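Asker: Pasting the sequence and the predicted model now:
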Protein chains: 2
Amino acid sequence: MEEPVLLVLDADPSPRLGALTGRARVRRTDGAGLAEALPHADVLLVWDFASDAVRTAWPGDGPRPAWVHTASAGVDRLLCPELVECDTVVTNARGVFEQPVAEYVAGLVLAFAKDLPGTLELQRRRTWRHRESAPVAGSRAVVVGAGPVGREITRLLMALGVQVALVGRSARRTIHGADDLDRLAARADWVICAAPLTPRTRGMFDTRFFGLMQPSARFINVGRGPMAVQADLAAALRKRWIAGAALDVFEQEPLEPHSPLWDAPGLIVSPHMSGDTAGWRDRLGEQFVAMYEHWAAGRPLPNVVDKALGYIPGTDVEQ
Amino acid sequence: MEEPVLLVLDADPSPRLGALTGRARVRRTDGAGLAEALPHADVLLVWDFASDAVRTAWPGDGPRPAWVHTASAGVDRLLCPELVECDTVVTNARGVFEQPVAEYVAGLVLAFAKDLPGTLELQRRRTWRHRESAPVAGSRAVVVGAGPVGREITRLLMALGVQVALVGRSARRTIHGADDLDRLAARADWVICAAPLTPRTRGMFDTRFFGLMQPSARFINVGRGPMAVQADLAAALRKRWIAGAALDVFEQEPLEPHSPLWDAPGLIVSPHMSGDTAGWRDRLGEQFVAMYEHWAAGRPLPNVVDKALGYIPGTDVEQ
C-alpha cells in the first residue's frame, strides 16, 4: 500500500515533518500551485497559515483531501462554503498558542498600567519625570472569546488580581453571553478580544462599542484584525474616547507603512507575534505529527473544528 | 495638656494629616530648617523621603523626637550613627509599596520576554518585523531581598509560572541564604534586587556579579540605587554580558541628563516610580495617621525598624 500524500502549503521547509518519513509522501506547494495539487492530496497541512490560498483554491473539480490541518488557532482564512459543506475534516492548533498569548496580554495590561511606553519615550529624551501608575490588582477586564485562548488569558489575569468577566457566544456557568458585553464593557478597564473571526464577530468592535468604554479604558486585540474596525478605533483614540489600545492583528497584515495606526495616540502596534514564543514552529510541527499518527491509525482526530461555527465547539466551556 | 508637636519634613502640604487636628500641633519644615526644629518635635514625619536632611540634621545638641516615621520602605537615607544609637523609634511604610512594586517587576519581566521595547521602537519606525518572544512560565528568577517587597514579587512571579528563588541574608525554610546567590544567579533568567540598602548590600551587584549571569539574563533593581554599581552594569550591557536590565533606582536621583545609562543597550530607565500607584500619597498619609493614633494612645507601634540592621527584623521570613 502506498503511503498517503501529505500536501504542505508552504514553499519553505517546515520543521519536524521528517518524522513522517516512510509514513507519508510529503509534497510541498505554494499558494499558486495549490489548486493543481489539491486533487492528489490525502491530507493538507496549512503551514503558511497567513495565506488565503485554501479559500481560493478549494472550490473546483476533482477529489479533495480528507483532512485539512492549519498551524493556527483561527480557521477564518481557510473556510469557504465548499470546504464547509464537504466531508473534509478541519483541525486546528489548539494547545500551542494559549499560554504565550495570555502572557502577551498580561504584559500589555501591566505595561499600560505602569505606563511603560511613556517611560521608554522619556528615556529616549533623557528626561526624568516621575508619574503615578495604576494598580492592576482590582482592575476590571472583559475577555471576549471563551475558547482556550480567552480562558487562559482569564486565568492569568485573575492570578494578577484582575476581576475578569469572560464573554462567550451564549451564557453558561461562569461565562457571560454576548448580551452582557455592552454592560460589562462600560465599566471595564480592559477589553480584550480573543474570539474567533466569524460572521458574528466581524466588525463587532466599532464606533458604537468604543463609545461605550470608559475614557480610562484600553482595548486589546489578539484575536483577528477584522473583528475591530481599525478606522473607528483610530478615531476613538484621537478623540480620547478611550485611553489606549494594543493591536497584534490587523485587517491587512503586514500593516502598511502609511497606515494612520502607527502613530495613533496610545496605540501599541505589534506584528502578529503574541502567540509566537521561541520554538513555536517546532511545537506546531510536533503537534501535527502526533495528529497524523492518530489519523493514519484510523483513530479519531483531536481539535476538530465545527466548520459551520468556525471554531471547536465545546472549547468555550470550562473543561 | 498640650498636644504633641508633629514635625513634618516636607515644605509642601502632605495629605490626610488634617485628621490629626486637635491631636497634634503640626509644624512643617524643609531640610534647611530641620536642625533648628528638631529639638522642639515629639514626632518627626519624614514625608520627603528622598531627602538626606535627617542624616545631616540629627547629630547635635538638644532633645530629639521620640519617634521618626518615614513614608518609604527603605530607611537608608535616614540613618546616621547618632540616630541608630539613641532611643528614638524609627518606623517605615511597610504595607504600602509591596503590591505596586511587585506588579511593576512583573510588568518588566513580561515586557522583556515579549520584547515590548523592540516593538515600540519598530512602531516608531513604522516597521513590521515579526520576532519570536520568550515564555515567562518556566523561566527562572532570583529575588534578592526577602522582606515584604521581595516576598510579594516572589508571589506574583510564581503566579505567572516563574520558578523563583528568594534570597535573604541567611537561609531559613523556603528562603536561600546569601551564600547561595552566586550559584542561583548563574542559572537565572531574571535577577531582581528588592533588598534594603545596608553596608552589606551596597555595591553587591558589580562586575564580578554581572559576569556570573547568563548572556540571556536580565537584571532588575527596584531596591536602592547604590546596591548596583552603575558603571559596572553599563559596561556589562555594552559588552553583552547580559541581555538587558531595568533600573528604577539610581546612585543619584534624578539621573543626570548626561548619564551614559540613558542609552545603555537593553536598559530600561524609570524614575523611581515602581511603588507609586495613584493614591499612594493618600495611603501613606492614612497609614501615618493610624500609626499616630497607636502612638498617642501609648500602644506599641507597628513597622518598627531595627536601626542596626536597617530594616524590620522578622519581615524576611514567611508570615
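Answerer: In hand now; what should we look at? For clarity, every value in this text was computed on a predicted model and none was experimentally measured. Numbers count the residues shown, from 1 in each chain, chains lettered A, B, ... in the order given.

Asker: can you tell me how far A:R151 sits from B:V142?
Answerer: When distances are taken as Cβ to Cβ, to the nearest Å, A:R151 and B:V142 turn out to be 31 Å apart. Using the backbone N, CA and C atoms, a C-beta is placed for each residue, glycine as well.

Asker: need the contact list for the residue nearest to A:A134 when sequence neighbours are not counted.
Answerer: Residue nearest to A:A134 in three dimensions, not counting chain neighbours: A:A113, with 4.4 Å by Cβ to Cβ, 6 or more residues apart in numbering or on different chains. Contacts were defined as Cβ atoms under 8 Å, 6 or more residues apart in numbering or on different chains; by that measure A:A113 touches A:S133, A:A134, A:P135, A:V136, A:S139, B:E103, B:G107.

Asker: And for A:W241?
Answerer: For A:W241, the contacting residues are A:F210, A:G211, A:M213, A:P215, by Cβ under 8 Å, 6+ apart.

Asker: With A:L45 instead?
Answerer: Remark: with contacts taken as Cβ under 8 Å, 6+ apart, A:L45 is in contact with A:L6, A:L7, A:V8, A:L9, A:D10, A:S14, A:L17, A:H69, A:A71, A:F288.

Asker: Where does it sit: helix, strand or coil?
Answerer: Secondary structure for A:L45, judged by DSSP: H, G, I helix; E, B strand; the rest coil, is strand.

Asker: and if you look at A:L261?
Answerer: From three-state DSSP, the assignment for A:L261 is helix.

Asker: any idea how far it is from A:E103?
Answerer: Remark: distance between A:L261 and A:E103 (Cβ to Cβ) = 24 Å.

Asker: When those two are compared, which one has more neighbours?
Answerer: Shown here are A:L261 and A:E103; by other Cβ atoms under 10 Å in any protein chain shown, A:E103 has more neighbours (27 against 20).

Asker: so what's the backbone phi/psi at the most centrally placed residue in chain A?
Answerer: Here the mean C-alpha position of chain A is nearest to the C-alpha of A:G223 (Cα atoms, centre = their mean), at a distance of 3.8 Å. Comment: the main-chain dihedrals of A:G223 come out as phi -90, psi -100, following degrees, to the nearest 10.

Asker: Skipping its backbone neighbours, what lies nearest it in space?
Answerer: Nearest in space to A:G223, with sequence neighbours left out and distances taken as Cβ to Cβ, 6+ apart, is A:C193 at 4.4 Å.

Asker: so that neighbour touches A:F205, yeah?
Answerer: Yes - taking contacts as Cβ atoms under 8 Å, A:C193 lies within contact range of A:F205: 6.4 Å.

Asker: any common contacting residues for those two?
Answerer: What both A:C193 and A:F205 touch, as defined by Cβ under 8 Å, 6+ apart, is the set A:F219, A:N221, A:M227, A:A228.

Asker: Could you provide these in a markdown table, with additional columns for pLDDT?
Answerer: Compiled in a markdown table, these are given as follows (pLDDT from 0 to 100):
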| residue | pLDDT |
| --- | --- |
| A:F219 | 99 |
| A:N221 | 98 |
| A:M227 | 98 |
| A:A228 | 98 |
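
Asker: quick one: which two of those are the most distant?
Answerer: Comparing all pairs in the shared contacts of A:C193 and A:F205 by Cβ to Cβ, the longest separation belongs to A:F219 and A:M227, at 10.7 Å.

Asker: intersection of neighbour lists for those two?
Answerer: With the criterion set as Cβ under 8 Å, 6+ apart, the overlap between the contacts of A:F219 and A:M227 is A:C193, A:F205.

Asker: Show me what residue of the stretch 201-319 of chain A gets nearest to chain B.
Answerer: The nearest approach of the stretch 201-319 of chain A to chain B comes at A:P254, 3.7 Å away (Cβ to the nearest Cβ).

Asker: Look up how far A:E82 lies from the nearest residue to that residue once chain neighbours are set aside.
Answerer: With sequence-adjacent residues excluded and distances taken as Cβ to Cβ, 6+ apart, A:P254 is closest to B:W128, at 3.7 Å. B:W128 sits 32 Å away from A:E82, taking Cβ to Cβ as the criterion.

Asker: More neighbours: the two, which one.
Answerer: Remark: of B:W128 and A:E82, B:W128 carries more neighbours, 18 against 13, as counted by other Cβ under 10 Å.

Asker: sec struct for the more buried one, please.
Answerer: For B:W128, the assignment made with three-state DSSP gives coil.

Asker: Might one say that it is in contact with A:L255?
Answerer: Yes - B:W128 sits in contact with A:L255 when judged by Cβ under 8 Å, with a separation of 5.7 Å.

Asker: Break chain A into its domains for me.
Answerer: Structurally, chain A divides into domains by automatic domain parsing as follows: A:5-96+A:279-296, A:98-269.

Asker: closest to B:D30 out of those domains?
Answerer: Minimum separation from B:D30 across the domains of chain A (Cβ to Cβ) falls at domain A:98-269, 18.9 Å.

Asker: Now A:T127. Its backbone dihedrals?
Answerer: Per degrees, to the nearest 10, the backbone of A:T127 is at phi -120, psi 120.

Asker: count of residues packed around it?
Answerer: The number of residues packed near A:T127 is 14, by other Cβ under 10 Å.

Asker: Give the helix, strand or coil label for the residue nearest to it when sequence neighbours are not counted.
Answerer: Using Cβ to Cβ, 6+ apart and skipping residues adjacent in sequence, the residue nearest A:T127 is B:P257, 7.8 Å away. Classification of B:P257 using three-state DSSP returns coil.

Asker: ok, B:P257 touching A:R126?
Answerer: Yes - using Cβ under 8 Å as the test, B:P257 is close enough to A:R126 to be in contact (4.8 Å).
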